[in-house]
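K.L.:
One predicted model, sequence on top.
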Amino acid sequence: MIKKIGFGFAISALMLLTPALTRMAEADQISTFNVKGTAENNSGGTMGTCADNAVCSFSGTLSIDTTAGNVTGVNLVFPGLQDFSVLIANFNDGLAWKVDFTDILVANLGYLSFSTAPTSGSLVAFTGGTIGGGEIVNPSGLLYIITGGNITPSVPEPGSLALLAVGMLGLGFAGWRRKQRAMPLA
């Protein structure tokens with residue numbers, strides 16, 4: 001009798017939770033992607049650690065809604081400039097995906113263009129891409145020409161991995177405890 005009540009309760013709970021789980025599965029999936037690339041300093045002077053006409057590294061992240069297919073956030077760091085963290089626009093120009101951004105003071109503007117995978121020209125189910133170009137400018141003129149780079153999925157945060165490990169340990173302990181109860185006493 002107890003087993004039948006437990007099984008019936010489990011089925012009822014599953015039926016009640018199914019709509020909520022379906023809505024969660026259909027919700028937008030925002031993923032963070034690492035951005036690493038190179039840019040040529042064309043400012044006419046040294047920018048932070050980047051000498052004039054030198055090719056220097058830049059890095060940061062893009063937040064992409066891989067369900068709706070658009071960029072939702074940007075955080076890029078170029079030598080000698082304030083972080084670019086304000087998203088202006090993002091669109092497919094027919095050749096590549098473009099992201100327009102600025103810093104918090106709107107002193108410098110920039111854009112980044114990149115290829116998309118697995119579907120050309122779409123960020124739906126985006127898994128990474130190759131940076132094809134871009135520029136950083138301000139009212140004085142051109143600061144950087146973006147020469148290339150990659151956009152790759154980021155590694156899960158350590159907290160997420162720790163939570164997964166604790167859950168697995170809990171399941172293992174529950175299974176071990178169930179097995180101990182089932183053993184006859186000697």
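P.N.:
It's in.
K.L.:
is it true that Glu135 touches Ser113?
P.N.:
No. Between Glu135 and Ser113 there is no contact under CB atoms under 8 Å: 9.8 Å. C-betas here are computed from N, CA, C, even on glycine.
K.L.:
residues touching the residue nearest in space to the middle of the chain, list them.
P.N.:
The centroid of the chain falls nearest to Thr32 when counting by CA atoms, centre = their mean (1.0 Å). Neighbouring residues of Thr32 by CB atoms under 8 Å, 6 or more residues apart in numbering: 61-64, 154.
K.L.:
Kindly reformat the residues you listed as JSON lines containing distance to Leu143, pLDDT and neighbour count.
P.N.:
Converted to JSON lines, those look like this (distance: CB to CB, whole Å; pLDDT from 0 to 100; neighbours: other CB atoms under 10 Å):
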{"residue": "Thr61", "distance to Leu143": "21", "pLDDT": "95", "neighbour count": "17"}
{"residue": "Leu62", "distance to Leu143": "20", "pLDDT": "94", "neighbour count": "27"}
{"residue": "Ser63", "distance to Leu143": "24", "pLDDT": "94", "neighbour count": "16"}
{"residue": "Ile64", "distance to Leu143": "25", "pLDDT": "93", "neighbour count": "27"}
{"residue": "Ser154", "distance to Leu143": "27", "pLDDT": "84", "neighbour count": "13"}
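K.L.:
Grab the two from those that are most spread out in space.
P.N.:
Ile64 and Ser154 (10.8 Å; CB to CB).
K.L.:
which residues are common contacts for these two?
P.N.:
Overlap of the contact sets of Ile64 and Ser154 (by CB under 8 Å, 6+ apart) consists of 31-33.
K.L.:
Quick one: residues contacting Val137.
P.N.:
Per CB under 8 Å, 6+ apart, neighbours of Val137: 108-110, 143.
K.L.:
Now with 6 Å, please.
P.N.:
By CB atoms under 6 Å, 6 or more residues apart in numbering, Val137 lies in contact with Leu109.
K.L.:
May I have the beta-bridge partners of it?
P.N.:
When assigned by DSSP bridges, Val137 has beta-bridge partners Leu109, Leu142.
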